[in-house]
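Student: Return a 3D structure for these sequence lines:
(2 chains)
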Amino acid sequence: AQSVTQLDSQVPVFEEAPVELRCNYSSSVSVYLFWYVQYPNQGLQLLLKYLSGSTLVKGINGFEAEFNKSQTSFHLRKPSVHISDTAEYFCAVSPNTGGFKTIFGAGTRLFVKA
Amino acid sequence: DTGVSQDPRHKITKRGQNVTFRCDPISEHNRLYWYRQTLGQGPEFLTYFQNEAQLEKSRLLSDRFSAERPKGSFSTLEIQRTEQGDSAMYLCASSSRDSGSYEQYFGPGTRLTVT
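Tutor: The predicted structure follows:
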């Protein structure tokens, strides 16, 4: 079974500051890792994913995340945030054994202040 | 490509009534997923279809819940004898037959309120 822990429920940050949203996971098998974003009144959309290869993955809107297998983490970062980045961010895992069940974390609300 | 659509967007029902939600995936996607999301939580996996076959079902899905995907196109999720605890956002997602993709495309959701 898999589980995902997003360590911060809310992260307030000033515009143009860097941000890191933390995600740790637990799994007995190897997993694929994802970050999804949900803007207000919109559906979830994929921000980035790690399937294999380089542990640093880049996504849309200037976000990137680093897979750390030893620490079972997949933290999301952006060097300079904008007001428009205000949204709910979800970390998710899916076993790479052929199943497609995806487990989501509880979410981190990023609030960017002017 | 019009994206994943869900109908209705909002449903208010009295406890004990049955409700049915519909999801239309992106046309070329063969995989379809249902999730439930409550306030302050991430989506919880309910069930997954590959074409018309229901391949996985969460323990969260009690006997009152049933999902179908006839002909491998649209899907329906029915909740019988609704309870107040069923109030949530029900999300549908689909993904491509491309096994290297794994990206799920989500619909806007159906918000269920049980009074």
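Student: Secondary structure element holding A:Y25?
Tutor: According to DSSP states H and E, A:Y25 maps onto strand A:23-27.
Student: got it, and B:Y102?
Tutor: Per DSSP H and E, there is no helix or strand for B:Y102.
Student: Name the nearest residue to it, ignoring sequence neighbours.
Tutor: A:Y32 (5.7 Å; CB to CB, 6 or more residues apart in numbering or on different chains). C-beta here means a position set from N, CA and C on the backbone, and glycine is covered the same way.
Student: just checking, the one you found touches A:C91?
Tutor: No. Taking contacts as CB atoms under 8 Å, A:Y32 lies outside contact range of A:C91: 11.9 Å.
Student: Does chain A have contacts with stretch B:43-60?
Tutor: Yes. Applying CB under 8 Å from any CB of the partner chain, one finds stretch B:43-60 touching chain A at B:P43, B:E44, B:F45, B:Y48, B:Q50, B:L55, B:E56, B:S58.
Student: ok now do residue 92, which residues does it touch?
Tutor: Reading this off chain A. A:A92 makes contacts with A:V4, A:L33, A:F34, A:W35, A:Y36, A:T102, A:I103, A:F104, A:G105, B:G42, as judged by CB atoms under 8 Å, 6 or more residues apart in numbering or on different chains.
Student: wait, chain B
Tutor: Contacts of B:C92 by CB under 8 Å, 6+ apart are B:4, B:6, B:21, B:23, B:25, B:32-35, B:75, B:77, B:106-107, B:109.
Student: Quickly list what it is bridged to.
Tutor: B:W34 (DSSP bridges).
Student: So, low pLDDT: which residues of the chain?
Tutor: Reading this off chain A. A:98-99 (pLDDT under 70).
Student: not what I meant, chain B
Tutor: For chain B (pLDDT under 70), the answer is B:1, B:97-101.
Student: Point out the residues in chain A that sit beside chain B.
Tutor: Counting by CB under 8 Å from any CB, chain A sits next to chain B at A:4, A:6, A:9, A:32, A:34, A:36, A:42-46, A:49, A:51, A:90, A:92, A:94, A:99-107.
Student: if we can go back for a sec, go through the strand holding A:Y25 and flag the buried ones.
Tutor: Buried residues in strand A:23-27, counting neighbours by 16 or more other CB atoms under 10 Å in any protein chain shown, are found at A:C23, A:N24, A:Y25, A:S27.
Student: The helix or strand just after that strand: partners in the sheet, and parallel or antiparallel?
Tutor: As assigned by DSSP H and E, the chain's next helix or strand after strand A:23-27 is strand A:31-38. Strand A:31-38 has the following strand partners under DSSP bridges: strand A:44-50 (antiparallel), strand A:87-95 (antiparallel).
Student: tally of neighbours for the residue nearest to A:S26 when sequence neighbours are not counted?
Tutor: Using CB to CB, 6+ apart and skipping the chain neighbours, the partner closest in space to A:S26 is A:S3 (4.7 Å). Using other CB atoms under 10 Å in any protein chain shown, A:S3 is surrounded by 11 other residues.
Student: What's the nearest residue in chain B when you look at chain A?
Tutor: The nearest approach of chain B to chain A comes at B:G42, 3.3 Å away (CB to the nearest CB).
Student: returning to that earlier point: which of the contacts of B:C92 has the most neighbours?
Tutor: Across those, neighbour numbers were computed from other CB under 10 Å; B:L32 holds the maximum, 28 neighbours.
Student: Find the pair from the residues of stretch B:43-60 next to chain A with maximum spatial separation.
Tutor: Within the residues of stretch B:43-60 next to chain A, B:E44 and B:Q50 form the most distant pair, 19.9 Å apart (CB to CB).
Student: Fine by me, we can end here.
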